[in-house]
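Engineer: coordinates only, sequence not included:
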């Protein structure tokens, strides 16, 4: 077995952190080297433990996850961030990616989706879980900002839980292009007007 990626997890709930540690280490490719109950402790762990992977909730006490990610953006080097959150508002998802997250997974998803998300960001790809994609797709259908055609089709495929291989085949592009379109979609959505920023 190769070297396990050093991982820090951040969540306010101790029981959930315990469960998450067991899940992530059970995947076989990760070693949890730190747990943070709040955003301030998260920043301290990143500085002292130098992890490769961060799995974090955005709704953290003391310093919320979005602000923590913004502070990490200029100092964390090769850190790859997966948000695992009960917060599913598309606006918050876009804020997380703008702050430096590479993936966003709803806590309502399956273990399989979590594993796919971790594998994607570990390889340098972005990731958006099906439940979150459905939320964004629903918003675009309710008067939200219109999405360009190819990105809209990508969003529909993500909402169905399709793999990158399946999406690439459906769109007639390479797998690298799928990652490009996913990032382009998130950049496009992040420019949509918002009523308020819950983490401002």
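Structural biologist: Perfect, thanks for sending it. All of these numbers come straight from a predicted model, not from anything done at the bench.

Engineer: From now on I want contacts and neighbour counts done on CA atoms only, so please keep to that.
Structural biologist: Will do.

Engineer: Look up phi and psi at residue 125.
Structural biologist: phi -100, psi 150 (degrees, to the nearest 10).

Engineer: my guess is it contacts residue 102, does it?
Structural biologist: Yes: taking Cα atoms under 8 Å as the definition, residue 125 is a contact partner of residue 102 at 7.1 Å.

Engineer: tell me the mean pLDDT over stretch 115-128?
Structural biologist: The average pLDDT within stretch 115-128 is 94.

Engineer: on that earlier part again, between residue 125 and residue 102, point out the one with more neighbours.
Structural biologist: Between residue 125 and residue 102, counted using other Cα atoms under 10 Å, residue 102 has the larger neighbour count: 24 against 20.

Engineer: so where's this structure uncertain?
Structural biologist: Scanning the chain for pLDDT under 70 picks out the ranges 1-2, 76, 141-145, 191-200.

Engineer: Helices of that one, start to end?
Structural biologist: 14-26, 39-49, 65-73, 90-98, 111-122, 130-140, 149-159, 164-171, 175-190 (DSSP state H).

Engineer: Just the buried positions in the fifth one, please.
Structural biologist: Neighbour-count burial for helix 111-122 flags 113-114, 116-118, 120-122 (criterion: 16 or more other Cα atoms under 10 Å).

Engineer: Run the angle between that helix and helix 175-190 for me.
Structural biologist: Interaxial angle, helix 111-122 versus helix 175-190 (axes from the mean of the first three to the mean of the last three Cα atoms, to 10 degrees): 100 degrees.
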